[in-house]
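[1] from the sequence below, what's the structure:
(one chain, ligands or ions: 1)
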Amino acid sequence: MNRDVIIACDFPNRETTLAFLDRFQGGRKPFVKIGMELFYGAGPEIVREIKARGHRIFLDLKLHDIPNTVKKAMQVLSALDVDMVNVHAAGTVAMMRAALEGLTRADGTRPLLIAVTQLTSTSQEAMQQELLIGAGINETIVKYARNAQDAGLDGVVCSPLEAAMVKEACGSSFLTVTPGIRFADAAKDDQVRITTPARAREIGSDFIVVGRPITAADDPVAAYERCLEEFV
Ligand code: C5P
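    The predicted model follows:
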């Protein structure tokens with residue numbers, strides 16, 4: 001799998017998103033991430049529109065429900081022709097298998113399917129005190145990644161600092177998709193555990209997900225190109 005930079009299009013509506021993507025005409029078409037806010041606000045049509053412009057799409061909806069419901073939802077997302085989707089590994093191996101089944105089209109093709117292990121917003125304390133998960137957070141992440149691999153998934157979303165651990169447990173071809181990326185000379189915003197694109201490459205990330213360092217830059221195209229230079 002070739003390394004790539006995925007731009008997190010965390011915009012509230014269609015107009016802002018398309019105006020942002022207009023800036024990239026002529027050059028390389030970025031791989032973009034569409035999250036819940038934009039998908040629920042603008043509807044599936046925004047996916048079709050961005051696909052029609054030639055972008056690859058990671059639809060970040062983090063499905064988590066009973067296996068049959070996830071399977072049916074994945075059939076719908078697969079028909080939208082997205083390139084990558086995700087589920088919560090906490091939904092169990094059976095749910096992840098059902099997701100994969102739903103995603104696979106009649107001709108055998110399907111989008112990449114990635115699992116969220118533990119959200120980076122979940123602390124070890126919350127995991128143990130509220131969710132009554134006794135294991136340590138790293139142990140949980142590795143176990144959930146192994147479950148995802150057993151279910152036939154392609155990889156996991158994790159912090160770049162966890163990517164090495166996941167690669168060690170699941171092998172180098174198991175994909176790691178990593179947010180929490182900042183340039184060495186830039187603001188961290190609300191991210192805590194961050195790395196630069198260059199460091200993410202060294203650690204072995206396959207895809208970095210980059211939002212504000214590109215979307216809030218004075219020159220988003222230059223910031224995107226800088227990410228490509230450091231990472232790809
Ligand atoms: O703006 P920034 O680069 O921080 O955006 C990172 C993107 O990755 C956002 O869309 C955020 O929701 C997402 N993300 C994250 N941490 C995770 C999972 C997803 O930052 N653990």
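[2] going by C-alpha atoms from here, please, whenever you check contacts or count neighbours.
    Noted.
[3] R226 - how many residues pack around it?
    15 (other CA atoms under 10 Å).
[4] next, the contact list for it, please.
    Taking CA atoms under 8 Å, 6 or more residues apart in numbering, we find R226 in contact with no residue.
[5] what helix or strand does it sit in?
    helix 220-231 (DSSP states H and E).
[6] any idea how far that helix is from the chain center?
    18 Å (CA atoms, centre = their mean, to the nearest Å).
[7] how long is stretch 19-30 from one end to the other?
    Taking CA to CA, to the nearest Å as the measure, stretch 19-30 stretches 14 Å from start to finish.
[8] so what's I208 bridging to?
    V5, T178 (DSSP bridges).
[9] and it, what pLDDT?
    According to the model's per-residue confidence, I208 sits at a pLDDT of 98.
[10] over to the one 10 residues further on?
    We note a pLDDT of 97 for D218 in this prediction.
[11] same question for the one 5 residues further on.
    At A223, the predicted lDDT confidence score is 98.
[12] list the residues that contact the closest residue to it other than its chain neighbours.
    Taking CA to CA, 6 or more residues apart in numbering as the measure, A223 lies nearest to I214, with 5.3 Å between them; neighbours along the chain are not counted. Contact analysis of I214 by CA under 8 Å, 6+ apart lists I7, P220, V221, A223, Y224.
[13] quick check, I214 in a strand?
    No: checked against DSSP: H, G, I helix; E, B strand; the rest coil, I214 lies outside a strand; its state is helix.
[14] give me the low-pLDDT residue ranges for the chain?
    Nowhere does the chain drop to pLDDT under 70.
[15] and the strands in it?
    Using DSSP state E, the strands assigned to the chain run over residues 4-8, 31-35, 57-63, 84-88, 112-116, 155-157, 175-178, 207-210.
[16] format those as TSV; extra columns: distance to I50 and mean neighbour count.
    TSV is the format used below for those (distance: least, CA to CA, whole Å; neighbours: other CA atoms under 10 Å):
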stretch	distance to I50	mean neighbour count
strand 4-8	13	22
strand 31-35	9	20
strand 57-63	8	20
strand 84-88	14	24
strand 112-116	18	24
strand 155-157	23	27
strand 175-178	21	26
strand 207-210	17	24
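[17] in stretch 66-80, what counts as buried?
    Buried residues in stretch 66-80, counted by 16 or more other CA atoms under 10 Å: P67, V70, K71, A73, M74, Q75, L77, S78.
[18] number of residues surrounding A145?
    By other CA under 10 Å, 31 other residues sit near A145.
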